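[1] Fold the following and give me the result.
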Amino acid sequence: MTQETARPGTVILGMRVDSGDYGTATARIIDWALRRESRYVCAANVHMLMETRDSLGFQQVVNGADLVTSDGMPLVWVLQWRGFADAQRVYGPDLMLAVCQAAAAAKIPVALFGSTTQVLRQLNENLLKRIPDLQIVSAISPAFGELTAAQSAEHLGELAAAGARIVFVGLGCPKQERWMAECRDRVPAVLLGVGAAFDFHAGQVRQSPAWLQRWGLEWIFRLAMEPRRLWRRYAWHNPRFIWAIAGEEWRRRGHG
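    Reported below is the predicted structural model:
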């Protein structure tokens, strides 16, 4: 791997978050891919942050990533409070499209890893409609549940044989981050965890309006779309995040 200068960012409740925008994130990913380097990228939001707070092992997984983007607006606001005035949201689904556009221009082969065969089929079709020059060389739907060492080795072999230099990973948090950390240095590609982006771009799940996203209220829309699956996540993580970040900011200002 190449040596890099320190990344601008901060540590929020124990988890690293890098400051930047779509352009800087995309450029780094493309540079790594052109060099055939094995890297992994996490798109961090409140859910991921609170998962790292509940698990030191998972915190180490995220902090060990080569890039941790500010996927959620609350994390962008914290970066801005802490002096990163130019910090912007780098939303996983939009980052995926930006990277696909840049990969097509640079003739970098990409792969899709995660979800179901039906979602992958529709995702592949929709991406090629949007970006005709994109080279999608592999689309793998792994078994549900934790992957065995043998299964991971087989999938990594397929990705390497296909020549993928960027692999979009849609296994959901925290499974996709753990898998990427385990697989770094085992395939010459950038692994980019994009979570729900597969369902969004395949047309399986609607994305929230842009104005809700700008105000950090995307979770309300997603909860309305998938209440049975998401209500526990938001009911558990969101109040704890508000309380914990308020306490951390209070202490940072010398009150505790």
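[2] Give me the below-cutoff pLDDT ranges for this protein.
    The model of the chain has pLDDT under 70 over residues 1-7, 211-212, 221, 231, 255-256.
[3] the longest helix in it is where?
    As assigned by DSSP state H, the longest helix anywhere in the chain is helix 227-252.
[4] For the stretch 1-150 of the chain, just list every one of the strands.
    9-12, 15-18, 39-44, 67-70, 110-114, 136-140 (DSSP state E, counting those that start in this stretch).
[5] Tell me which of those lies nearest to residue 177.
    With respect to residue 177, and counting by C-beta to C-beta, the nearest of the strands of the stretch 1-150 of the chain is strand 39-44 at 5.5 Å. For glycine as for every other residue, the C-beta is placed from the backbone atoms N, C-alpha and C.
[6] Partner strands of that closest one, with direction?
    strand 67-70 (parallel), strand 190-193 (parallel) (DSSP bridges).
[7] what helices or strands is the very next helix or strand once past the last one leaning on?
    Per DSSP states H and E, strand 190-193 leads on to helix 197-201 as the next helix or strand towards the C-terminus. Secondary structure elements in contact with helix 197-201, counted by 3 or more C-beta pairs under 8 Å, 6 or more residues apart in numbering; DSSP states H and E, are helix 92-106, helix 117-130, strand 166-170.
[8] Which one, of the strands paired with strand 39-44, ends up nearest to residue 218?
    Shortest distance between residue 218 and the strands paired with strand 39-44, using C-beta to C-beta, is found for strand 67-70: 13.6 Å.
[9] Quick check: phi and psi on residue 206?
    Backbone geometry at residue 206, expressed as degrees, to the nearest 10, gives phi -80, psi 140.
[10] what's the nearest residue to it if we skip its chain neighbours?
    residue 225 (6.0 Å; C-beta to C-beta, 6 or more residues apart in numbering).
[11] From residue 83, how far out is the one you found?
    Distance of residue 225 to residue 83, given as C-beta to C-beta, to the nearest Å: 35 Å.
[12] the more surrounded of the two?
    Between residue 225 and residue 83, counted using other C-beta atoms under 10 Å, residue 225 has the larger neighbour count: 13 against 10.
[13] correct me, but that one touches residue 205?
    Yes: between residue 225 and residue 205 there is a contact under C-beta atoms under 8 Å: 6.2 Å.
[14] And for residue 90, the neighbour number?
    Neighbours of residue 90 using other C-beta under 10 Å come to 28.
[15] Provide a list of residues in contact with residue 171.
    Neighbour list for residue 171: 113-114, 142, 179, 193 [criterion: C-beta atoms under 8 Å, 6 or more residues apart in numbering].
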